[in-house]
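Colleague: Sequence first, then the predicted structure, then my questions.
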Amino acid sequence: NLCGFPHFMLKEIQQQPESVQICLAHYFHAISEPLLSVPVNLNEVHILACGTSYHAGLITQHWIEQLVNIPVRVRSGSEFQEAPLPMTANTLTIGITQSGETADTLNAIALDKQRRLAQSEVFQPHLLGITNQPNSALSQRVDWTMPTLAGTEIGVAATKTFLNQLIVCFYFTLELALSRQAISPETVQAYWAELSTLPAKIRAVLQLETQIKPIAQAMINQQHCMVLGRGINQAIALEGALKLKETTYLHAEGYSAGEFMHGPIALLDERVPVIAIAPTDSTHAAMIANLRQVKSHGSPIIGILTEDVPPETASLFDHVLILPAIADPLSPILSVIPLQLLAYHLAVQRGLNVDKPRNITKTLSE
Ligand code: F6R
């Protein structure tokens, strides 16, 4: 049921304040009485996932490494089968999959489990699944399941399920950090206070839609586009480019802004717009320096920022989208939304079937 929306993708983007609220309410109760008994002797985390869920894995890697201070490796389910990661008896493996049925992720999880069973003397059954379908095949293969509670997602492009994956992964990071005394209960409380502001802030970001439609219009005939981010928003650059590719068929590339300078910048000219995710955090100054180079090659720049830019940098941007301020680690939860809306409006303006793009299905099961 579209409930008056023209497409499921737009409905699901617009549902995000509510779906995040439901997820926060569920996990808020859990923080004082943890849902999982996470083994405190963990010494590393592996994350196995594909597509948008893989990008949630990259953000989770950043969170766990920075807040818990243990190493995390993220591998695409398909690659893991070719080259399994070395693991120890105290490695936790997390499978992230919206559908819980993606064959590449399930096969990677099965291989991980098989390797643990072969070493049953010492290896713990440390397998956690994060999924929107708690009765899926994934849940049967893992030791614990954390539901993402986003409700049914019909549009092929993952939107609200991605945001809820991030909420669950951040909750998990806090729980792990707390259990290892890597952060104080006061810091956890402060993050919860920030998380509770998300539904209102997501609503504010959704208001940017009126500014995003003309940006989509300006991009209607473009063949290529670059999406740049630094730090934790590098994964959002990848996710934004994936949303653009799959729904609009535009050739979009997501890059770390720093890495982009090492060659790919040669692709730029006035026909290649650049979308820059540049919140006012520790990466901002380096990002602005990169964008000065981008501008010198003539590319139009769309800035996703957290504050009005000072006059000396304002001339860099052809369009500016301002996000509400949020604690730095949580910025991906807001910065992805303008990219979802841009992908949606560009696809619609191009006359494409945004809910069912060509060549792909919602779930790549066996
Ligand atoms: C992108 C998209 C795909 C899925 C990927 C994994 O919008 O929907 O990239 O994210 O196929 O699917 P799940 O999360 O169901 O394992």
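Modeller: Cool, got the structure. Numbering: from 1, shown residues only.

Colleague: What is the burial count for Pro185?
Modeller: 11 (other CB atoms under 10 Å). Glycine gets a C-beta too; all of them are placed from N, C-alpha and C.

Colleague: list the contacts for it?
Modeller: Applying CB atoms under 8 Å, 6 or more residues apart in numbering, we find Pro185 in contact with Leu178.

Colleague: Hmm, His251 is touching Gln223, no?
Modeller: Yes. Counting by CB atoms under 8 Å, His251 does reach Gln223; the two are 6.2 Å apart.

Colleague: Who has more neighbours out of the two?
Modeller: Neighbours per residue (other CB under 10 Å) separate His251 from Gln223, with His251 holding more: 14 against 9.

Colleague: Name the residues linked to the more buried one by a beta bridge.
Modeller: Bridge pairing for His251 (DSSP bridges) gives the partners His224.

Colleague: Model confidence for it, exactly?
Modeller: Looking at His251, its pLDDT reads 98.

Colleague: near the ligand, which residues of the stretch 251-366 of the chain show up?
Modeller: Thr363, Leu364 (CB under 6 Å from any ligand atom).

Colleague: Can you list the low-confidence ranges for the stretch 251-366 of the chain?
Modeller: Under the criterion pLDDT under 70, no range of the stretch 251-366 of the chain is flagged.

Colleague: Please, where are all the strands along it?
Modeller: 251-256, 274-277, 301-305, 319-322 (DSSP state E, counting those that start in this stretch).

Colleague: residues touching whatever residue of the stretch 151-300 of the chain ends up closest to the ligand, list them.
Modeller: The ligand sits closest to Ala158 of the stretch 151-300 of the chain, with a gap of 3.8 Å, by CB to the nearest ligand atom. The contact partners of Ala158, taken as CB under 8 Å, 6+ apart, are Gly51, Thr52, Ser53, Gln98.

Colleague: which of those has the most neighbours?
Modeller: Using other CB under 10 Å as the neighbour test, the contacts of Ala158 are led by Gln98, with 30 neighbours.

Colleague: Quick one: neighbours of the nearest residue to that residue once chain neighbours are set aside, just the number.
Modeller: Nearest non-adjacent residue to Gln98, counting by CB to CB, 6 or more residues apart in numbering: Thr161, 4.2 Å away. Neighbour count of Thr161, defined by other CB under 10 Å: 26.

Colleague: can you pull the contacts of Pro147?
Modeller: Neighbouring residues of Pro147 by CB under 8 Å, 6+ apart: His26, Thr131, Asn132, Pro134, Val168.

Colleague: List buried residues within those.
Modeller: Those of these that meet the buried threshold are His26, Thr131, Asn132, Val168, by 16 or more other CB atoms under 10 Å.

Colleague: how close does Gly231 get to Leu58?
Modeller: Distance, Gly231 to Leu58, using CB to CB, to the nearest Å: 11 Å.

Colleague: Neighbour count: the two, which is higher?
Modeller: Gly231 (23 against 19).

Colleague: Hmm, Met226 and Phe260 touching each other?
Modeller: Yes. Counting by CB under 8 Å, Met226 is a contact partner of Phe260 at 7.0 Å.

Colleague: For the stretch 101-250 of the chain, which segments are assigned as strands?
Modeller: Going by DSSP E, counting those that start in this stretch, the stretch 101-250 of the chain shows strands at 127-131, 144-147, 224-229.

Colleague: any idea of the mean pLDDT in the shortest one?
Modeller: By that I understand strand 144-147. 94.

Colleague: would you list the contacts of Ala158 in TSV and tack on secondary structure, distance to the ligand and pLDDT?
Modeller: Shown next, in TSV, are the contacts of Ala158 (DSSP: H, G, I helix; E, B strand; the rest coil; distance: CB to the nearest ligand atom, whole Å; pLDDT from 0 to 100):
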residue	secondary structure	distance to the ligand	pLDDT
Gly51	helix	2	98
Thr52	helix	3	98
Ser53	helix	4	98
Gln98	coil	3	98
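
Colleague: gap between the residue of the stretch 151-300 of the chain closest to the ligand and Thr145?
Modeller: From Ala158 to Thr145 the distance is 18 Å (CB to CB).

Colleague: for Thr361, same thing?
Modeller: 24 Å.

Colleague: out of the two, which sits in the busier spot?
Modeller: Neighbour totals were compared for Thr361 and Thr145, and Thr145 leads with 22 against 9 (other CB under 10 Å).

Colleague: how close does the more buried one sit to Thr52?
Modeller: Thr145 is 19 Å from Thr52, by CB to CB.

Colleague: same thing with Lys11?
Modeller: According to CB to CB, Lys11 and Thr52 sit 18 Å apart.

Colleague: what's the answer for His345, then?
Modeller: Using CB to CB, we find His345 at a distance of 19 Å from Thr52.

Colleague: Check Thr210 too.
Modeller: 26 Å.

Colleague: What helix or strand is the spatially most central residue of the chain located in?
Modeller: Of all residues in the chain, the one closest to the mean position by CA atoms, centre = their mean is Ala56, 4.0 Å from it. Per DSSP states H and E, Ala56 falls inside helix 51-67.

Colleague: average pLDDT across whichever helix or strand comes after that helix?
Modeller: Downstream of helix 51-67, the first helix or strand assigned by DSSP H and E is strand 72-76. Averaged across strand 72-76, pLDDT comes to 97.

Colleague: ok, residues contacting strand 72-76?
Modeller: With CB under 8 Å, 6+ apart as the contact definition, strand 72-76 has outside contacts at 44-50, 54, 57-58, 60-61, 64-65, 83, 85, 104, 108.
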